[in-house]
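Novice: What follows is a protein structure lacking sequence information:
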């Protein structure tokens, strides 16, 4: 049986879900972002137990088809931005339509209806979160970050960053650098 799970965003989430399902006594075949495959068909009471256990970890079971589709959209974007290291060779709409096998207009309308934001804004927010992460690591220049995330230029990245966060990348980086403490201060 496939369980569809909301709020999974990283490899630690995959491990946490796998461990929780193991603890509950299920044979787990596979766990990916947003989905777990287990042996058997849990009844309603067992599903409620799974849902309760996952909720304690910050996850939710998704029962309806629309919710699963939206979570798949989010997971594909998170995977693309945070984990794959690839740059879109096409536009986001084509990428999602190909990955999920749905018409993009349908995906876009459904996402906007349920999430109260657009897929594009969600994608931009994820990219900006990745930029923040890379700025704090302080290992790459803004030009390298722009290239890594598929921005056309550092200026475009900087403008989008300021529009979303209210800070320039340089100012954000300096704020975060001042908040970090040395090991001696801990």
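Specialist: Received the coordinates, thanks. Note that the coordinates shown come from a computational prediction; the quantities given were computed from them, not determined experimentally. Numbering: from 1, shown residues only.

Novice: use CA for all of it now, contacts and neighbours both
Specialist: Fine.

Novice: quick check: domain ranges of the protein?
Specialist: 2-63, 68-177 (automatic domain parsing).

Novice: want to try a markdown table for those domains, with mean neighbour count and mean pLDDT as columns?
Specialist: Listed next are those as a markdown table, based on neighbours: other Cα atoms under 10 Å; pLDDT from 0 to 100:
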| stretch | mean neighbour count | mean pLDDT |
| --- | --- | --- |
| domain 2-63 | 16 | 89 |
| domain 68-177 | 16 | 90 |
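
Novice: Distance of the most centrally placed residue in the chain relative to residue 102?
Specialist: Of all residues in the chain, the one closest to the mean position by Cα atoms, centre = their mean is residue 78, 3.1 Å from it. Residue 78 sits at a distance of 18 Å from residue 102 (criterion: Cα to Cα, to the nearest Å).

Novice: next one: residue 122
Specialist: Taking Cα to Cα, one finds residue 122 at 18 Å from residue 102.

Novice: Also residue 164?
Specialist: Taking Cα to Cα as the measure, residue 164 falls 29 Å from residue 102.

Novice: Check residue 40 too.
Specialist: Following Cα to Cα, the distance that separates residue 40 from residue 102 is 29 Å.

Novice: go on, residue 33?
Specialist: If you go by Cα to Cα, the gap between residue 33 and residue 102 works out to 19 Å.

Novice: who's in contact with residue 40?
Specialist: residue 1 (Cα atoms under 8 Å, 6 or more residues apart in numbering).

Novice: For it, which three-state class applies?
Specialist: Judged by DSSP: H, G, I helix; E, B strand; the rest coil, the three-state class of residue 40 is coil.

Novice: Backbone torsions only: list them for it.
Specialist: For residue 40, the backbone dihedrals (degrees, to the nearest 10) come out as phi 90, psi 170.

Novice: go on, residue 60?
Specialist: phi -140, psi 140.

Novice: Give the bridge partners for it, please.
Specialist: Residues in a beta bridge with residue 60, per DSSP bridges, are residue 6.

Novice: residues in contact with it?
Specialist: So, once contact is read as Cα under 8 Å, 6+ apart, residue 60 ends up touching 5-7, 51, 54.

Novice: so how far is residue 147 from residue 97?
Specialist: According to Cα to Cα, residue 97 and residue 147 sit 24 Å apart.
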